[in-house]
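Trainee: this one's structure only:
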DNA sequence: GAAAACACCGAAAAGGCTTTATGTGACCCT
DNA sequence: AGGGTCACATAAAGCCTTTTCGGTGTTTTC
């Protein structure tokens, strides 16, 4: 049912309700308070050139009219809009969201609003969005990639600072905030070793992802530091449960002595655990299992709950926001900043967790 | 070294920082083209009062300066900003994202930019965001709930139209776009029946969710229409695999004759399938299994792939965006609009899929 | 008692754009 | 030739806020 009543020019409001942006302008407030707009502005912005009594009158008038200053006019004058663009190439993916949440959180704490744009992996669309955002005079841009491999830079001649997150920019002059995947691999192995495991295998994911190569490298490094080696080298495949099952079957057949399996993702780990259970290998007593990503939906509900490496995505987003703030304030940075990860221990490596 | 002057958190940034890419303004374009700003404006906006040759000159000048009009100034004048606020109460959840994608898509196709705000389920934070968005003079608001139960209205006296998605507003005067959960339950049962099943059980999720009650109701209706009943009535629990496993064990013990299990979510279905496999019941030959949500990550990688009801979230977001457009254009609507769902058939009900 | 200091307020400009109203010349008609 | 129409260009008036600068009236200082 449609009704055509016009809600936009409403009746007078008593000012009791808190949320009414409405059309009240600063001159309305000034008129009601019996002062000039200049004085009203100063009063509301805490400038010093206003008598306390006058300020109070203005504030009351503003309250009564539910005045809220027009951010457009303010931004037009200030040259700063207090907005940033958040450009993601893949909202659907699991990784953009927490990053986005972290960034939104950090900005919302300040007085910055976030324009969200999803390029859907299309660079034409991305260009279009960048242009639109610049037209809106955002103060800065955050670009979130969909995988960890380097991506093309937006260019050096943008009028606003840019921070790349998750996927670094190909241009080292840009500032990129990424996950330390080598460190993540190292951390994982160190945890397994400290659980007393020595015959460790690594079932990874898609080999075309930089992340899987880097994690494998970190894992090898950590093993080498103890004079150990991977059992049966790294097995690459895809990021799926199916691959986890297939790879686990082969691994157990070829190397039944294995006492820990590091998996490329929680989904892979899930498949691996299914096979272990079917073959009556106790987790973690016979074989410890570990994943990457700490994807709650998989880690908490598996049997037993899965130990995993958390990528701290929210922090990634928050740090990106902070760096962008700094750049906007005239303190730019460049290079690649790799943030560390964190082991979340559950029952698949530590009984009782 | 840049000045380390008092760059206090305020706007006292007196242009000391070298803003390198100062954006070209319309007067720059006009000067370069040798016309007045008024003419330049009309030329670039396709107004009629401009000679073709003049228009070409202006366009070339604009191109040369890579001019893009300042959306702030334009919005200030027009009273419309071409922005909307997207207020979600829970970004983390699985449902907001596709809705958000649909909306972003629909708006991006027009010339509307989206402010994203996450209230994190906190109504104080929500109020704060609403106020901030109104200060930025958004043209409209979309409010995305985190569960399907009705939520408090933002109020009738907002200066801009609002569309509620997923969770309807408690106020029937508001416009809400939701999923037809009763219809979804009906659809599911009809599919199972058309697969030849008659002894159907329903393992649902958290009973405090309206969605689970409504789906159960739809399921009962569809069964009643064929003179059938649920085996062992609805079993409520939580939306987890663990509950799926527990409930399936009990169900199979009490009603071994069951030939289909409708599950409250794909995760529940996942648990149910684990138990069926452990008890050597063939899926779908002995027992068909079905879920709700069509969460790819669960449906595609289970054994066999899981038939599920897709909620069409992207369409939900797109429709919400369209309704908001209409309302902004002065064609408001109210009431609750329930969109239908869709069965995605896979191997867990239909062999060979 | 005059000069300076001070506290407070208002007029006005600026910021970039669109639109209205006004102005100018070219052209056509009787 | 004068009046009218038409096509085009421009000046100027906003939109809403912040900030600078100038102007009161009052107080302090020597």
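Mentor: Sure, I can see it. A quick note: this is a predicted structure, and the numbers were derived from the prediction, not measured.
Trainee: Mind listing residues that contact the strand or helix carrying residue A:100?
Mentor: Assigned by DSSP states H and E, residue A:100 belongs to helix A:96-109. Residues outside helix A:96-109 that contact it (C-beta atoms under 8 Å, 6 or more residues apart in numbering or on different chains) are A:84, A:86, A:88-91, A:113-114, A:116, A:142, A:144, A:146, A:165-166, A:313-322, A:325, B:91-92, B:97, B:116-118, B:129. To be clear about C-beta, it is placed using only N, CA and C from the backbone, and glycine gets the same treatment.
Trainee: and whichever helix or strand comes after it, anywhere near chain B?
Mentor: Scanning forward in sequence from helix A:96-109 by DSSP H and E, the next helix or strand is strand A:113-118. Yes. Strand A:113-118 reaches chain B (C-beta under 8 Å from any C-beta of the partner chain) through A:113-118.
Trainee: again with stretch A:248-266
Mentor: No. Stretch A:248-266 lies out of reach of chain B by C-beta under 8 Å from any C-beta, never closer than 10.4 Å.
Trainee: Could I get the buried residue list for that stretch?
Mentor: By neighbour count on 16 or more other C-beta atoms under 10 Å in any protein chain shown, the buried set for stretch A:248-266 is A:248, A:251-252, A:258-266.
Trainee: and those as TSV, adding secondary structure?
Mentor: Output for the buried residues of stretch A:248-266, formatted as TSV (DSSP: H, G, I helix; E, B strand; the rest coil):
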residue	secondary structure
A:248	helix
A:251	helix
A:252	helix
A:258	coil
A:259	coil
A:260	strand
A:261	strand
A:262	strand
A:263	strand
A:264	coil
A:265	coil
A:266	helix
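Trainee: I'd like to know which residues of chain A are adjacent to DNA strand D.
Mentor: With C-beta under 7 Å from any atom of the strand as the criterion, chain A comes near DNA strand D at residues A:23, A:25-27, A:37-38, A:41-42, A:44-45, A:47, A:49, A:67, A:69-70, A:73-74, A:76-78.
Trainee: Which entries within these meet the buried criterion?
Mentor: A:25-26, A:41-42, A:44, A:67, A:69-70, A:73-74, A:76.
Trainee: Which ones, among those, also lie beside chain B?
Mentor: Contacts with chain B within those, counted by C-beta under 8 Å from any C-beta: A:69-70, A:73, A:76.
Trainee: Kindly present those as JSON lines, with separate columns for secondary structure and pLDDT.
Mentor: Converted to JSON lines, those look like this (DSSP: H, G, I helix; E, B strand; the rest coil; pLDDT from 0 to 100):
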{"residue": "A:69", "secondary structure": "coil", "pLDDT": "93"}
{"residue": "A:70", "secondary structure": "coil", "pLDDT": "94"}
{"residue": "A:73", "secondary structure": "helix", "pLDDT": "94"}
{"residue": "A:76", "secondary structure": "helix", "pLDDT": "92"}
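Trainee: What parts of chain A come near DNA strand C?
Mentor: A:34-39, A:49-54, A:73, A:76-77.
Trainee: again, only this time at 6 Å
Mentor: A:35-39, A:49-51, A:54, A:73, A:76-77 (C-beta under 6 Å from any atom of the strand).
Trainee: wait, which of those is closest to chain B?
Mentor: Of all these, chain B sits closest to residue A:76, with 4.7 Å by C-beta to the nearest C-beta.
Trainee: Give me the nearest residue to the closest one, chain neighbours excluded.
Mentor: What sits nearest to residue A:76 in space, not counting adjacent residues and going by C-beta to C-beta, 6 or more residues apart in numbering or on different chains, is residue B:72, at 4.7 Å.
Trainee: how close does that neighbour get to residue A:141?
Mentor: Noted for residue B:72: a distance of 17 Å to residue A:141, by C-beta to C-beta, to the nearest Å.
Trainee: Kindly report the same for residue A:328.
Mentor: 10 Å.
Trainee: higher neighbour count, the two?
Mentor: More crowded of residue A:328 and residue A:141, by other C-beta atoms under 10 Å in any protein chain shown: residue A:141, with 24 against 20.
Trainee: give me every residue that touches that one.
Mentor: By C-beta under 8 Å, 6+ apart, the neighbours of residue A:141 are A:84-87, A:130, A:133, A:154, A:158, A:160-163, A:324.
Trainee: which one of those residues sits closest to residue A:202?
Mentor: Closest approach between those and residue A:202, by C-beta to C-beta: residue A:163, at 32.2 Å.
Trainee: How about the backbone phi and psi for the residue nearest to residue A:76?
Mentor: Here is the backbone geometry of residue B:72 (degrees, to the nearest 10): phi -70, psi -50.
Trainee: Surely it touches residue A:135?
Mentor: No. Counting by C-beta atoms under 8 Å, residue B:72 sits too far from residue A:135 to count as a contact (9.5 Å).
Trainee: Of all the residues in the stretch 101-250 of chain A, which one is nearest DNA strand D?
Mentor: residue A:111 (11.9 Å; C-beta to the nearest atom of the strand).
Trainee: ugh, wrong one, I meant the stretch 251-353 of chain A
Mentor: Taking C-beta to the nearest atom of the strand, the stretch 251-353 of chain A has residue A:329 as its residue nearest DNA strand D, at 15.9 Å.
Trainee: Give me the distance between that residue and residue A:139.
Mentor: For residue A:329 relative to residue A:139 (C-beta to C-beta), the value is 10 Å.
Trainee: So for the two, which sits in the more crowded spot?
Mentor: residue A:139 (20 against 14).
Trainee: Leaving out sequence neighbours, find the closest residue to that one.
Mentor: Here the residue nearest residue A:139, using C-beta to C-beta, 6+ apart, is residue A:328, at 5.0 Å.
Trainee: Please apply the same query to residue A:250.
Mentor: Residue A:250 sits nearest to residue A:235 (C-beta to C-beta, 6+ apart), 7.7 Å away.
Trainee: just the residues of the stretch 251-353 of chain A that are near chain B, which are they?
Mentor: So the stretch 251-353 of chain A meets chain B at A:267, A:297, A:301, A:329-331 (C-beta under 8 Å from any C-beta).
Trainee: Now render the residues you listed as a markdown table, adding pLDDT and distance to residue B:209.
Mentor: Shown next, in a markdown table, are those (pLDDT from 0 to 100; distance: C-beta to C-beta, whole Å):
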| residue | pLDDT | distance to residue B:209 |
| --- | --- | --- |
| A:267 | 95 | 26 |
| A:297 | 89 | 17 |
| A:301 | 88 | 18 |
| A:329 | 90 | 45 |
| A:330 | 90 | 50 |
| A:331 | 92 | 48 |
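Trainee: from those, which single one is nearest residue B:336?
Mentor: The closest of these, once distances to residue B:336 are taken by C-beta to C-beta, is residue A:297, at 30.1 Å.
Trainee: residues in contact with the closest one?
Mentor: Here residue A:297 is in contact with B:267, B:297 (criterion: C-beta under 8 Å, 6+ apart).
Trainee: Under a three-state scheme, what state does it occupy?
Mentor: helix.
Trainee: How far away from the center of its chain is stretch A:265-275?
Mentor: 25 Å (C-alpha atoms, centre = their mean, to the nearest Å).
Trainee: Stretch A:339-353 too?
Mentor: 21 Å.
Trainee: Now that you've got the contacts of residue A:141, can you turn the buried subset into something I can paste into ChimeraX?
Mentor: Entered in ChimeraX, the line below selects the buried ones among those, by 16+ other C-beta under 10 Å:
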select /A:84,85,86,87,130,133,154,160,161,162,163,324
